[in-house]
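In: Give the three-dimensional model of this entry:
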Amino acid sequence: MHRHQDFTTPWSYLHPRDEILQLMERVYRYRMTTTSGGNLSLREASGDLWITPARLDKGALSRNDIVCVRADGRIEGIRQPSSELPIHQEIRRRRPELGGIVHAHPTALVAFSLAGQVPNTRLFHQAWRVCGEVGFAPYRLPGSAALGAIVAGVFAQGYHCAIMENHGVVTAGETLQEAFRRFETLEFTAKTLIKARLLGGEVRFLTGAQLELEQHRPSALEEFTRATPTSQEAEARRRLAEFVRRAYRQRLFISTQGSYSARVDARSFLITPYQVDRGAVDLEDLVLVEDGRAEAGKQPSRAARIHQAIYRAHPEVGAIVNAYPVNATAFSVTGADLDSRTIPESYVVVRHVGRAPFGLQFEDGRDLAGMLTPERPALILENDGVLVTGADVLEAFDRLEVLESTAEAIINCRAVGKLKPLSEEIATELDRAFFGC
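Out: Next comes the predicted model:
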C-alpha cells in the first residue's frame, strides 16, 4: 500500500496522556464511539505504550486514567489497560513504525462491518491520499489474542486501515494524530457513501488518472516578506479563525478537509494553511496572500489559487469556503440535483446551486470563478464537496450551513415520500420580495 504524507501538528510537546485525552474527547464528542467503546494508544520511541483504560466512561476520562505499559511489560497507573491491548501490541510487533492506533465503533463504519464490506476511498482524492485502500479482518472474539493476530495480519500486508467484521474499525499511523486523521476521514467517506446510496442512482468513484490530477496542480505561490499586520487584517484573522473552528465543530470540515478564506482588501486575503488540523487552527496559522504571493514561512491551502481567481473576478465576494459536509457532499458523488427550492429560507439563502466537473479545482481557478454569479453563489464540485461564497465570513458560513441542511432534508424526504419543491410562482414571489427582481 502507498504511503501518505503526514500533517504538521501543534501536538509536539504534549505528554502522551494529554494527546490521548484530547483525541479521545474528539472521538466521543462527535459520536464516533460510545461511552464504553473504543481505545487509543501511543507508543514512545522508548517502547513504552500509553493506552486508554478498560471499562471506563470515554466521555469522562482524566489524564490519570491513561495507562502506561512499559517496554518490559510492567503496567503503571490506577487503571487496567484496554481489553483490546492485544490488537495494539500485535500490530506494532508486525509494523514497528506505527506509533499511533485508533480503534472505535463509529456508526457508518460499523454499518460496513455488518455488511462485510470496506468503503472505497476512491470516492475522494483526499480520502485515497490519507487512508489508501482499506483492509478487512474476519471476526474473532473481542479482547482475544486471535483477534489481535488477525487484525495485525491485515496491517502486515501494508494497509493503514482495517474494517473488523461485525465489530468496528482500526486505523494506524506513525503518529496518533495520523491514525486519528485516517479514522475521521474514513468515517466521513463511509457516511458519504451511505448518504449517496440513499439518494439513488450510481455512485461515482475516481479513476487512477483522476486521482493523479491532484499531482498536477499549479506550483506553490511565491513568498513575500510581510509588513506589520493592520487592524483590518487582525480583525479578519480573529473572525476567520473563529469560523474555521466552528465549521469543524459543526462537522462541515474534518481535520483533513476544508479551506476557508476572507478578503482583507482589494489586494489580499487570508486563507487556512495547508496540512494543519482544521480543528486546531489559530490566528497565527492563517496565511496572508497578497498580489498572488504568500507570506514567507507559511504554506497556504492548495485552494489558494482558486480563491484568488474568485476574488479577482467577483469584487462583491468577501469570503469563500471549500467544505465537505456529508449530505451536500453526497450530491457531489452522484448525479442527483441539489434543488434549493425546498423551504423559503433555503431558496433565499442558497439561491441556485451550480455543478462543476471533477478536475477544475486543480486548475488556476478562472473557470470555476466564471461559473459563479450573484444568483449562483455555490457550486457542487464533483467528488470534492462544495464551494460556497458570501459577502463576508458570516454569510458564507450561513450559506454553507443552509446548503447542508437543505441537502439533508432532501435525502431524508426520500424515506417519507416524493419531494415537492416550491413552485416557480413561489420562487418568483421570493425573488421579488427579497431581491427586487
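In: So residue 306: helix, strand or coil?
Out: Following DSSP: H, G, I helix; E, B strand; the rest coil, the label given to residue 306 is helix.
In: How many residues are close by it?
Out: 27 (other Cβ atoms under 10 Å). Backbone N, C-alpha and C define where each C-beta goes, glycine included.
In: How about residue 182?
Out: Residue 182, neighbours per other Cβ under 10 Å, totals 27.
In: Next, the contact list for it, please.
Out: 102, 130-131, 160-161, 171-173 (Cβ atoms under 8 Å, 6 or more residues apart in numbering).
In: redo that, cut-off 7 Å
Out: The contact partners of residue 182, taken as Cβ atoms under 7 Å, 6 or more residues apart in numbering, are 130-131, 160-161, 171, 173.
In: tell me the phi and psi of it?
Out: The phi/psi pair for residue 182 (degrees, to the nearest 10) reads phi -60, psi -40.
In: mind checking how far it is from residue 301?
Out: Relative to residue 301, residue 182 is positioned 20 Å away (Cβ to Cβ, to the nearest Å).
In: Just give me how far stretch 76-92 sits from the chain centre.
Out: 28 Å (Cα atoms, centre = their mean, to the nearest Å).
In: First-to-last residue distance for stretch 96-115?
Out: This stretch, stretch 96-115, spans 31 Å end to end (Cα to Cα, to the nearest Å).
In: Residue 117 in helix, strand or coil?
Out: Under three-state DSSP, residue 117 comes out as coil.
In: Compute the distance between it and residue 194, please.
Out: Using Cβ to Cβ, residue 117 is found at 11 Å from residue 194.
In: One more: residue 390?
Out: From residue 390 to residue 194 the distance is 29 Å (Cβ to Cβ).
In: Who has more neighbours out of these two?
Out: Remark: of residue 390 and residue 194, residue 390 carries more neighbours, 22 against 17, as counted by other Cβ under 10 Å.
In: Excluding residues flanking it in the chain, which one is nearest the more buried one?
Out: Distances taken as Cβ to Cβ, 6 or more residues apart in numbering place residue 396 nearest to residue 390, at 3.2 Å, with adjacent residues excluded.
In: count of residues packed around the one you found?
Out: Other residues close to residue 396 by other Cβ under 10 Å number 26.
In: Distance check, it against residue 246.
Out: Relative to residue 246, and taking Cβ to Cβ, residue 396 is found at 12 Å.
In: Please name the residues that touch residue 216.
Out: So residue 216 contacts residue 362 (Cβ under 7 Å, 6+ apart).
In: Poorly predicted segments of the chain, please.
Out: Applying pLDDT under 70 to the chain flags residues 1-12.
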